[in-house]
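1. Show me how the following folds:
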Amino acid sequence: MIFNKGKKIADDVKDGKLNSSNQETDNTPKKNNSDLRKQLMKIMFIIVGILVVFLFIILLVVIFSSGKKTYDDVEKIMKDAAVEYYKVQKGLLPQEDGEKVTVNVSTLVDSQFMKPLDELLDDEKCSGRVEVSKVGDQIVYTPYLDCGKNYTTKELYKAVLEQKTVTSGNGLYDLNGEKVYRGEEVNNYVKLDKMLYRIVKVTADNKLLLIMNETSFDYSSVFDDRYNSDRGYNSGFNDYRVSRMFSYLDDLYNNKLDVKILSNNDKEKLVNFDLCIGKRNENDITNTNAVECTDVLADQMIGLLTASDYINASLDSNCMATTDRSCQNYNYLRLKDSDWWLVTADSANTYQVFAVKSNGYIEGFNSSSRKKVRATVMLNNNVMIRSGDGTIDNPFVLK
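-> Residues are numbered from 1 along each chain as shown. Presented below is the predicted three-dimensional model:
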């Protein structure tokens, strides 16, 4: 048997079978090594690719983060620096409503809250300051950057006054010591965060009275609906100070209603004002607000338009008395689909308030009537313009 087994091995060697088996066994590690090298090369290429992409991203960040800042960027840097500065110097902040203080860029640079302007603006020669004012309960920071002919921070009222006053036709008029928009087609649109407004006038101290462009929400309100003993029913009273309208506008300003007409950013741009709530007769032709301002509600943040302000917006020479029907003519304030309340009441009684009818003239209504509400607010004189020319297609946009 041993002889037979040895003979079989010898035959296998002769036939090459044993060598073939051994050769296959010897090649297996070589194949495994080759596959391993291929996998390592693949991993290496992936790692290199990731590194190349990562370095490219870093390069882009460096390119776009370096160099000259935009003027808007620098104004924001100035504002943020002033905020940080006054966190340290709290005692220097304005304490009284309407009070204003100023910090120069040089002070912010020396205090290491920002880089010098020439570094931020690639050696451009500029100067700057930040004005800090107290408006109600808020502290408002307003940066002013002056780079000569290249760029200067511009207030909205200056952009408005650049339209120049006119003595005829549509436009901005010198009237009663103010700059007043009159006519049917005037470029006085302002876009706030929430809504579109119209500039009614620029006051003597360069603040801007705005009115909502439309009563763009389907919500009406009574002026007042309390029981009036003079009438014997709930016709309401026409004294704004104690009216439902006074409460309604307060809720509207403080976002307590479903409709929101002002954002927090909008409110930072507003200033309180004296709302003239004096009554006038339907035949009165004194349109300087002298009659309405015989009774003033001070420090208001929201209100309604006076009869004088509506009348003055018309270019019709026959629009003189409170209820003259000619006041509907050449008047941008007219809304053809809405009756809306004025703040002015009829001095002849205790229950009627004037409203602008959809046909454009003023008429007295019971306080308990429901009309649309077209609120007014006052923009501060330090509000800056970002863009726009006041047209409906390109309204003034604020910073």
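2. Sketch out the helices for this protein, chain order is fine.
-> For the chain, the helices defined by DSSP state H occupy 2-15, 17-65, 71-88, 105-110, 117-120, 156-161, 244-253, 264-267, 307-312.
3. Out of those helices, which gets the lowest mean score?
-> Per-stretch mean pLDDT for the helices of the chain is lowest at helix 2-15 (a mean of 47).
4. Buried residues, stretch 138-157. List them.
-> By neighbour count on 16 or more other Cβ atoms under 10 Å, the buried set for stretch 138-157 is V140, Y141, T142, P143, Y144, L145, C147, Y151, T153, E155, L156, Y157. C-betas here are computed from N, CA, C, even on glycine.
5. Strands - which of these land there?
-> Using DSSP state E, V140, Y141, T142, P143, Y144, L145 are the members of the buried residues of stretch 138-157 that sit in strands.
6. With distance to N289 and pLDDT as added columns, please give these in TSV.
-> Converted to TSV, those look like this (distance: Cβ to Cβ, whole Å; pLDDT from 0 to 100):
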residue	distance to N289	pLDDT
V140	27	86
Y141	33	91
T142	29	90
P143	34	93
Y144	32	93
L145	36	94
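7. Can you tell me which of these is nearest N238?
-> Among those, V140 lies closest to N238 (Cβ to Cβ), at 35.5 Å.
8. follow-up on the earlier one: can I get the ones in strands among the buried residues of stretch 138-157 in TSV with distance to S221?
-> TSV is the format used below for those (distance: Cβ to Cβ, whole Å):
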residue	distance to S221
V140	30
Y141	36
T142	35
P143	39
Y144	40
L145	43
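9. among those residues, which two are most distant?
-> Across those (Cβ to Cβ), the longest gap, 16.8 Å, separates V140 and L145.
10. what about A159, how many neighbours?
-> 16 (other Cβ atoms under 10 Å).
11. oh sorry, the question was meant for K79
-> Residues lying near K79 (other Cβ under 10 Å) number 17.
12. ok, the residue lying closest to K260 once chain neighbours are set aside - contacts?
-> Using Cβ to Cβ, 6 or more residues apart in numbering and skipping residues adjacent in sequence, the residue nearest K260 is K194, 5.8 Å away. Applying Cβ atoms under 8 Å, 6 or more residues apart in numbering to K194 gives the contacts K260, I261, L262, S263, D266.
13. I'd guessed N150 sits against E124; true?
-> Yes - taking contacts as Cβ atoms under 8 Å, N150 lies within contact range of E124: 6.8 Å.
14. now the buried residues of stretch 138-157 in a markdown table, with distance to E282?
-> Converted to a markdown table, these look like this (distance: Cβ to Cβ, whole Å):
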| residue | distance to E282 |
| --- | --- |
| V140 | 41 |
| Y141 | 47 |
| T142 | 43 |
| P143 | 49 |
| Y144 | 47 |
| L145 | 51 |
| C147 | 55 |
| Y151 | 52 |
| T153 | 46 |
| E155 | 39 |
| L156 | 36 |
| Y157 | 34 |
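15. between these, which is closest to A298?
-> V140 (20.0 Å).
16. and the closest one, what is it in contact with?
-> V132, S133, K134, E268, K269, N380, N382.
17. try R325
-> Residues in contact with R325, defined by Cβ under 8 Å, 6+ apart, are Y361.
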